[in-house]
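# sequence below, structure please.
(2 chains)
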Amino acid sequence: MSTKKNILPGFNLSLGYTILYLSLIVLIPLSAAFIKTTELSLNEFWEVVTAPRVVASYKLTFGASLIGALINAVFGLLTAWVLVRYKFPGKKILDALVDLPFALPTAVAGITLATLYSAHGWIGAWLEPHGIKVASTPLGVIVALTFIGLPFVVRTVQPVLEDLEAETEEAAASLGANRWQTFSKIVFPAIWPALLTGFSLAFARAIGEYGSVIFIAGNIPFVSEITPLIIYIKLDEHEYAQATAVAVVMLVISFLLLFAINGLQWWLNRRHTTSH
Amino acid sequence: MLKKLLITSLLISSAAFSSLSLAADNNFLNVSYDVTREFYKDFNAAFIKYWKDKTGATITINQSHGGSSKQARSVNDGLEADIVTMNQSPDIDILYTRGKLIPKDWQKRLPYASSPTSSTTVFLVRKGNPKQIKDWDDLVKPGISVVIPNPKTSGNGKYSYLAAWGYVIKKGGDEAKAKEFVTKLFKNVPVLDTGGRGATTTFAQRDIGDVLLTFENEVNLIKKDSTQQFDVVYPSVSILAENPIAVVDKYVDKHKTRALAQAYAEFHFSEAGQEIAAQHDLRPRLASVAEKYSARFKPITLFTVDEVFGSWEKAQRVHFADGGNFDQIYNK
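Okay, the predicted model is just below:
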């Protein structure tokens, strides 16, 4: 046992519960997926997960998720800023609207988006004459993934912005900083870790998204087929081991990416605190 | 381990169904494919009445619908269906090969290879047929947009694919010609939905495509339901899509519903059952019923899967397995 006493009591008990809970909810199902793939030999595994069609789906899934998360990082930050810093009528309603993509069943979101962006839909009818096709293209995948990721950035940045006291900005201004300097030196470093968290949550959510995407994607192999659909198709072909093999690759890539983002955040946090 | 977990999650997700079917012997579960919802609403009502008149017992029939292959997978993974009604025999075969839930010769246990009804793949086009689509050859022309559900996940899509292939063979073409034709056809497909109903929505609600390929019974349902106007086009030749049915031995024995399930299966072949099927545009087997409803079913040349492809098992292996002909269409 550690010699250093924790100030808070109940450390052993709560850690025990945490590990048990994580094991039951996260680790056991995940390890089951890993075990299932051992039905394949190493060669078979490699063949399945590097098949050209599967590789094309990784590129689409991770690429579109990244773009969606980046869009959300920019506009989510803007939305959070507006919601925290300004007072205007209807603000409460706008605030509630942000959570809608959370609450809406993803299939409903998918059907709605597909209808809106199809050639005769409200938005599609307007875009199509300009040569922009959204429904049944990779662009449609990005639209869906942007939609479902929106709340993450707003909801992680919002409380940090609220805590940020206006006095620090006033102080910066009174010391002669212009608006850009105040933002880049004072505000941005403070919200940056939260923004990164929001970004990685939106990104992770987008990678696993299925329901909203399949309705708008068109699901054409090599063009608009996302990895979760590949897994679904393999299950329908009763190729359970192959399906889990692709799932394992997705998990590993996602884990590495999230791990890298967390590492970046930690590094930024440290730099931020030591430089002051 | 994974299987256990899958079973558990399936049981939870289908708790309503399984708890009912576990509870007593006067209700049972029919696991069916995507586009039979409306048919079974009427059929079940008729059977419940028939059973009540015959035995005095009141029964409840639970229905589950979805893509044919997905439904078969659910039953294999532990969804305790007393009856399965599918749109292609491979989805019932799998209950023998994977789950040993039924015997190998299940098709011999009921008349007509256990298929009380059939359908066929036809075309649905927009009112007035603006693109002048008359036969299979018109589908591969440049600029024609064709909606077909994904053959990988949908029995409906498999039939469309095989019908196009068989059309070339029937016309005297060889395998290479057929492959070229089907490749061209799928290059004209902008959306691959995972099931028949999805494809219907894409075509009818979202206005995508010039023509939808789907079952005859689905086509007539769309015509009835939709406010928009459509025309049905019968190609010169198409495929016979048989809709097989099987009593799931393992689960009827467990639930003690064998007699009831057997009677339900047989009711499909009765005059009353066949008539309800015909009213829902499913082609009946009984000559008397077929005659009565002959105006509904245009006589066209139909070929069977066995005739052109040897067997379903072979068609599955050559065309839809990983790396098979269908995958090659999209490989660059």
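# for the residue of chain A found nearest chain B, helix, strand, or coil?
With C-beta to the nearest C-beta as the measure, the residue in chain A that lies nearest chain B is residue A:221; the distance is 3.8 Å. C-beta coordinates here come from the backbone N, C-alpha and C atoms, glycine included. Look at residue A:221: counting by DSSP: H, G, I helix; E, B strand; the rest coil, its state is coil.
# could you do residue B:28 as well?
Three-state call for residue B:28 (three-state DSSP): strand.
# kindly state the beta-bridge partners for it.
Each beta-bridge partner of residue B:28 is listed here: residue B:61, as defined by DSSP bridges.
# burial measure for residue A:94, as a count.
Taking other C-beta atoms under 10 Å in any protein chain shown as the neighbour definition, residue A:94 ends up with a count of 13.
# thought it was touching residue A:86?
No. Taking contacts as C-beta atoms under 8 Å, residue A:94 lies outside contact range of residue A:86: 10.4 Å.
# before we move on, the earlier item: count the neighbours of the residue of chain A closest to chain B for me.
For residue A:221, using other C-beta under 10 Å, the count is 24.
# quick one: average confidence on stretch A:72-85?
Averaged across stretch A:72-85, the pLDDT comes to 93.
# which non-adjacent residue is nearest the residue of chain A closest to chain B?
Of all residues beyond its chain neighbours, the one nearest residue A:221 is residue B:330 (3.8 Å), with distances taken as C-beta to C-beta, 6 or more residues apart in numbering or on different chains.
# what's the neighbour count on that neighbour?
Other residues near residue B:330 come to 18 when the count uses other C-beta under 10 Å.
# how about the contacts made by it?
If you count contacts by C-beta atoms under 8 Å, 6 or more residues apart in numbering or on different chains, residue B:330 has them with A:53, A:220, A:221, A:222, B:186.
# in terms of contact, does the fourth one touch residue A:56 like I think?
Think residue A:222. Yes. With contact defined as C-beta under 8 Å, residue A:222 reaches residue A:56; the gap is 4.7 Å.
# out of the two, which sits in the more crowded spot?
Neighbours around residue A:222 and residue A:56, counted as other C-beta under 10 Å, are more numerous at residue A:56. The numbers are 19 against 15.
# any stretches of the chain with poor pLDDT?
All of this is about chain A. Across chain A, residues meeting the criterion (pLDDT under 70) sit at A:1-6, A:272-276.
# my bad, chain B
Per-residue confidence for chain B (pLDDT under 70) gives these ranges: B:1-25, B:332.
# now the contacts of residue B:330 as JSON lines including distance to residue B:320?
What follows is the contacts of residue B:330, written out as JSON lines (distance: C-beta to C-beta, whole Å):
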{"residue": "A:53", "distance to residue B:320": "14"}
{"residue": "A:220", "distance to residue B:320": "17"}
{"residue": "A:221", "distance to residue B:320": "13"}
{"residue": "A:222", "distance to residue B:320": "17"}
{"residue": "B:186", "distance to residue B:320": "13"}
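# show me the helices in the stretch 101-250 of chain A, by range?
Secondary structure of the stretch 101-250 of chain A by DSSP state H, counting those that start in this stretch: the helices cover A:106-117, A:124-127, A:138-163, A:166-174, A:179-181, A:188-208, A:211-217, A:227-236, A:240-274.
# got a list of contacts for the shortest one?
The one in question is helix A:179-181. Outside helix A:179-181, the residues that touch it by C-beta under 8 Å, 6+ apart are A:172, A:173.
# brilliant, that's me finished.
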